[in-house]
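Visitor: Provided below are the primary sequence and the corresponding predicted coordinates.
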Amino acid sequence: MAGQVVSTCPRCFSSGSEEPQNSHTQMVPVPLPSPWMPTAHDDPSNSAATRLLVARHGQSEWNAIGRWQGRADVPLSDEGMRQAADAGLRLGTFDSVWSSDLQRASLTANIIAEIIGIGPVLLDVRLRETDVGPWQGLTHDEVEAGWPGFLAEHRRPDGFEDYDVAAARMVAAFVDIAAAFPGGEVLVVSHGGAIRSVRRLLGAPDARMPNLGATWFHVHRGNVTAGDLVNLAGADTPTGIAL
């Protein structure tokens, strides 16, 4: 089945030039509707549900040292590139691959797309991470020093994007993507905080996501429901900041 996570023994990727970091799948920022997307006509097939496998990106350099990222355009670490390659080797095919335009997500998507032979990777700014405002670039200890008690009380500072707002833009992107692929399966690479905000909005159980953790979403006639959580890279321990 398209998009199915399959049990494939991953190949080993050594460091250096053998990493798939210079893959050549094209990445295209697109407004919707896009010329890359098939036109959705008014026919019975368009009533079919679309499945989106929405994955968190691979480990970034700031994930590795525990800094809040938000909209900061932080690159993948070498480990993040290996995670993306591992995920690509575990995945079947999809009708399309989409990503946030932030490089930690778009490079993850690019590596996977190169391995599974799909392109171009299509970019949508609505798939970006939650904007964390003044906490961007700070460690847990730095946030605690500047905003004592906020983390323990699940409070957020002025300038931090409301989670429901983040979820609403993500859901809008899901609906637009799904409308172009009725009955299909699409891979979307986004960010942990934004993905979790959608699950909470939809009433699904909340859980921290490891890098290359993913969740299925089902889109039918503009309605989005949350499905199962899956792990695409075999890393069970979440890294980075818990949004």
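Guide: Now that the structure is in, tell me what you want to look at.
Visitor: list the contacts for the residue nearest the centre of the chain?
Guide: Taking C-alpha atoms, centre = their mean, the centroid of the chain lies closest to residue 190, which sits 2.0 Å from it. By C-beta atoms under 8 Å, 6 or more residues apart in numbering, the residues touching residue 190 are 54, 55, 56, 57, 99, 100, 105, 127, 128, 129, 170. (Each C-beta comes from the backbone N, C-alpha and C, glycine too.)
Visitor: who does it bridge with?
Guide: Per DSSP bridges, the residues bridged to residue 190 are residue 56.
Visitor: distance of it relative to residue 77?
Guide: For residue 190, the distance to residue 77 (C-beta to C-beta, to the nearest Å) stands at 18 Å.
Visitor: then residue 175?
Guide: Taken as C-beta to C-beta, the span from residue 175 to residue 77 is 33 Å.
Visitor: list the helices and strands the longest helix along the chain packs on?
Guide: Assignment by DSSP state H gives helix 163-180 as the longest helix of the chain. If contacts are counted by 3 or more C-beta pairs under 8 Å, 6 or more residues apart in numbering; DSSP states H and E, helix 163-180 sits against strand 50-56, strand 96-99, strand 185-190, helix 192-201, strand 213-220, strand 223-231.
Visitor: that one: how far from the chain's middle?
Guide: Taking the mean of its C-alpha atoms, helix 163-180 sits 12 Å from the chain's own mean (C-alpha atoms, centre = their mean, to the nearest Å).
Visitor: go on, stretch 58-76?
Guide: With C-alpha atoms, centre = their mean as the basis, stretch 58-76 stands 14 Å off its chain's centre.
Visitor: could you give the mean pLDDT of it?
Guide: On average, the pLDDT along stretch 58-76 is 97.
Visitor: just the endpoints, please. Distance across that stretch?
Guide: One end of stretch 58-76 to the other measures 7 Å (C-alpha to C-alpha, to the nearest Å).
Visitor: outside of that stretch, which residues touch it?
Guide: Contacts for stretch 58-76 (C-beta under 8 Å, 6+ apart): 21, 57, 77, 79-84, 87, 102-104, 107-108, 111, 128-133, 135-140, 143, 191, 211-212, 233, 239-241.
Visitor: pLDDT score for the residue nearest to the centre of the chain?
Guide: 98.
Visitor: near residue 217, how many other residues are there?
Guide: By other C-beta atoms under 10 Å, 25 other residues sit near residue 217.
Visitor: tell me the bridge partners for it.
Guide: According to DSSP bridges, the partner residues bridging residue 217 are residue 52, residue 226.
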